[in-house]
Structures are given as structure tokens and as C-alpha cells.
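Asker: below is the sequence, then the predicted model.
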Amino acid sequence: MEKIKIALIGVGNCASSLIQGIYYYKDKDPQDIIGLMHHEIGGYKPEDIQVVAAFDIDKRKVGSDVHQAIFAKPNCGVIFCSDIPLSGVNVRMGKVLDGFADHMNDYDADSSFVLADSPEPTKEEVVRILKDSGAEILLNYLPVGSEEATRFYADCALEANVAFINNIPVFIASDPVWAKRFEEKNIPIVGDDIKSQVGATITHRVLTDLFKKRGVKLERTYQLNTGGNTDFLNMLNRHRLASKKKSKTEAVQSVTAHRLADKNIHVGPSDYVPWQKDNKICFIRMEGKLFGDVPMNIELRLSVEDSPNSAGVVIDSIRCTKLALSRGQGGVLFAPSAYFCKHPPHQFTDDEAFQMIERFIDGTQLVQDKNILRVNEGLRLETSPDLVTENLNQN
């Protein structure tokens, strides 16, 4: 197969796990594959992904080969594949804008950024780098709260005719204005905010859906998360958390039987614990009533290595985006966005999203993504995408 050429915005822990995974799964027996939805998607395996450009703003990474930069400080994620050859691609200086929180200067350099003093690129320079590299897909791995920087790179993707995967909670795919811009240029976009393999959000959603299906009234719930990577350090600035909290909260609210009042739901990061490094610990509590109005509650503690938890999902997202490019399909990819992301343009249950993504992959989905969205907005998809054809006929 030809390579899927990708460019990275940010060479942090998540990018490190992604690149390690590309090599970790190379030549593995399909029966031994763990962590991927499929060993192959559209004929593409993980090793068919190639990084051809990368941007960062840390002095210890800019100018280094990207396969060396993924192991540089302040990265602290687990190393599960260290035998990686040099890529021949050096990390370029990125655009800073709001991609750097000032308070991170106050922490030890091993934990925080060391801002590079290299000249920042213009939009024209970023577009030229993307075009010259042959990149097909641009992945956004900027820190939470990087609103201006994300829009800068999304604009570059449009200018360079490169697909965009938005892994962070800045609303691009779910913003009608941005979605229309990608649709008008027929450029695929997936977003927003990557949903980990078995992370806090997907676990909280599954339990919330279980309450609904088993007739339990959910009355109150919280989700608290602690971690020791730069993402959690960055989020100590609470002003950067607005979109993150909205993304995670809406992901849970969207699968409740009845929306909870704001005072009865709290979802969001709690604190930065340096020694946890890339380990994320999540605490979930759910209170409700079951038969006879008898009260019940669930408390759950989840511990995961944060970056590998998302890497497999991103590898699947990349391959689905490549499928769209091969098919000439642009605009928001609703099925991949619903399955892979916390804040897609439209929320589906995880069962619905799973059926949609399977049909997207094998090419047998009954209607185009935009028709699924139109039907869902007008009639609400109540059980499965199998009903879409009937609903369209009735419409």
C-alpha cells in the first residue's frame, strides 16, 4: 500500500505513543493485535502511516528528528517501543499564539516547556511546508485551550488542501462556520476532541447509557481526573478549560435519559500531580434511584496511561480519513467524528456510532453522512442506522 502521509502539530506524549504504535504493530500477526478497532482499514495497516512534517515550540524538540523528539522532555509517557529508526524529518518551529500557558514557566524544566527562540512561521510558510512534504492529513495535538493556534492551523490545512483531524477540545468540526469551509473545499475533517479507547469519558458514557437502558433514574454525577503530564499542568490555568469541560460534559449529557441540571453534573480535570506522569486517574460517582424509588450509587476508579489510550483511536481515525480522501469525500466525516470524538457535530449513542463507522469502513453505509445528520436532526435516530433509509423515504 502507498503511505498515508501525516503532519503533526505538537510532538508531545500523544504523538509519541502514535509513532511508537506505528512501529510496534509492524509485521505483527493480526491475531496478536491489541488496541486497534481493525488490523486493516481499507487495506491500510498501522505501518502504512508516515510522518512527513511536524511542528512544536519546545527548544528540546525543534530541529530534532521527529523520532528523537518524541522521547525528549517534557514527554513522560510510557515507552513501549524504542527501536525506531530516524525519520529524516526534523521538527519545525510552530506558531505559538495561545499554544503556551505562561504559568508553565514556573515549573521545573523537566515537567514544563522550554520555549524555543526560533522565528515563528507565517501562515504562508506552514502551508508551503505542508505542500512540499506531501502531507495528506494534519493532526492537531496542541494543548487544551489553544483556541487561536488551532484556528491558525485549521486555516493552513484549508489553504494547503490537507485533511484535518482535531484531537483537542477546540470546536472546529462542530462549528458550523468551519464545517462549511471544509465542505466547500471538499476537504475531510474529523473532530472534535479525541475519545480514548477506554478512558474517563467513554466509561462514563457507557455507565450513563446503562442507567437509561435499565430504567435507573440518574440524579447526580461527577467525573474527576488527575494526572502528571503537561496536559494536566497546562490545565491548571482554569481559563483554558471552558471548551474542555463543555466537550466532556456534553459527551455524558448526550446519553442521559433526561438532561441533568448543571448543578447535578460536574465533569472535568481536578488537579496536577507531578509524580503520576502520564498516568491518568479518574474518579466517577453516579447517584440515582431504581425500583421503588430506592436510592443507589456507583463509585469507580479508573487508572490508565493517558497517551497510549488515545493512540490506537487516532491510528483508526487516520485510516478512516484516508478512506474519505480516496473516495473524494470532503467536509465533516460524521461517522468517524461520532465514534472517535467526544464533541462531534452531532452526538449519537456509542452503539449507533459503532454501526455507522463499520458501514463507513466497508463502504456499505446506507446513506451519506450528511443525510444521516439531516434525518437525525429532523426525526432523531432512535435505534440504529438501519432505520435511516426508511426515514429518508418517509421524509
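Answerer: Arrived safely, thanks for sending. Numbering: from 1, shown residues only.
Asker: nearest spatial neighbour of the spatially most central residue of the chain, skipping sequence neighbours?
Answerer: Centre of the chain computed as the mean C-alpha position; nearest residue by CA atoms, centre = their mean is Ile194, 1.7 Å away. Spatial nearest neighbour of Ile194, chain neighbours left out: Asn167 (4.2 Å); criterion: CB to CB, 6 or more residues apart in numbering. In this view, the C-beta of every residue, glycine as well, is placed from N, C-alpha and C.
Asker: mind saving the C-alpha coords of the lengthiest helix in the chain as CSV?
Answerer: As assigned by DSSP state H, the longest helix anywhere in the chain is helix 306-327. The C-alpha trace of helix 306-327 is given here as CSV (Å, rounded to 0.1, in the frame of the first residue of the first chain):
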residue,chain,number,x,y,z
ASP,A,306,-3.2,8.5,29.1
SER,A,307,-1.4,8.8,25.7
PRO,A,308,-1.4,5.1,24.6
ASN,A,309,-5.1,5.1,25.5
SER,A,310,-5.7,7.6,22.6
ALA,A,311,-3.1,6.5,20.1
GLY,A,312,-5.0,3.4,18.8
VAL,A,313,-8.1,5.5,18.2
VAL,A,314,-6.1,8.1,16.3
ILE,A,315,-4.5,5.4,14.1
ASP,A,316,-8.0,4.3,13.2
SER,A,317,-9.1,7.9,12.7
ILE,A,318,-6.2,8.5,10.3
ARG,A,319,-7.0,5.4,8.2
CYS,A,320,-10.7,6.4,8.0
THR,A,321,-9.7,9.9,6.9
LYS,A,322,-7.5,8.3,4.2
LEU,A,323,-10.6,6.3,3.0
ALA,A,324,-12.5,9.5,2.7
LEU,A,325,-9.7,11.1,0.7
SER,A,326,-9.6,8.0,-1.6
ARG,A,327,-13.3,8.3,-2.1
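Asker: immediately after it, which helix or strand?
Answerer: strand 331-332 (DSSP states H and E).
Asker: now do the same for Ser112: its pLDDT.
Answerer: Predicted confidence (pLDDT) for Ser112: 74.
Asker: let the chain start at 54 from now.
Answerer: That works, and once the first residue is 54, the last one we named lands at Ser165.
Asker: that one belongs to a helix?
Answerer: No. Per DSSP: H, G, I helix; E, B strand; the rest coil, Ser165 lies outside any helix segment and is coil.
Asker: residues in contact with Thr187?
Answerer: Just to correct that, residue 187 is Gly rather than Thr. 58, 105 (CB atoms under 8 Å, 6 or more residues apart in numbering).
Asker: what's the answer for the one 4 residues further on, then?
Answerer: For Leu191, the residues meeting the contact criterion (CB under 8 Å, 6+ apart) are 59-60, 62, 183, 206, 209-210, 213, 215-218.
Asker: where's it relative to Ala207, distance?
Answerer: Distance of Leu191 to Ala207, given as CB to CB, to the nearest Å: 8 Å.
Asker: what touches both of the two?
Answerer: Phe217.
Asker: what sits closest to Glu93 if chain neighbours are left out?
Answerer: Using CB to CB, 6+ apart, the closest residue to Glu93 is Pro83 (7.9 Å).
Asker: please disregard the earlier target; I meant Asn362.
Answerer: The nearest residue in space to Asn362 (CB to CB, 6+ apart) is Ser249, at 4.1 Å.
Asker: next one: Phe108
Answerer: Leaving aside its sequence neighbours, Phe108 is closest to Gly147 (3.5 Å, by CB to CB, 6+ apart).
Asker: again, but for Ala226
Answerer: Gly244 (3.3 Å).
Asker: ok, which stretches of the stretch 154-303 of the chain are helices?
Answerer: Here the stretch 154-303 of the chain has its helices, by DSSP state H, counting those that start in this stretch, at 176-186, 200-213, 229-237, 253-266, 283-287, 295-306.
Asker: scratch that, the stretch 304-448 of the chain is what I was asking about
Answerer: 359-380, 387-393, 403-415, 422-432, 441-447.
Asker: most tightly packed of those helices?
Answerer: helix 387-393 (a mean of 28; mean count of other CB atoms under 10 Å).
Asker: run the chain-centre distance for that one.
Answerer: 10 Å (CA atoms, centre = their mean, to the nearest Å).
Asker: low-scoring pLDDT stretches of the stretch 154-303 of the chain, where are they?
Answerer: For the stretch 154-303 of the chain, residues meeting the criterion pLDDT under 70 lie at 162.
Asker: returning to what we had before: quick check: the residue nearest to Phe108 touching Glu173?
Answerer: Yes. Under the criterion of CB atoms under 8 Å, Gly147 makes contact with Glu173 at 7.4 Å.
Asker: so between those two, which is more surrounded?
Answerer: Gly147 (28 against 13; other CB atoms under 10 Å).
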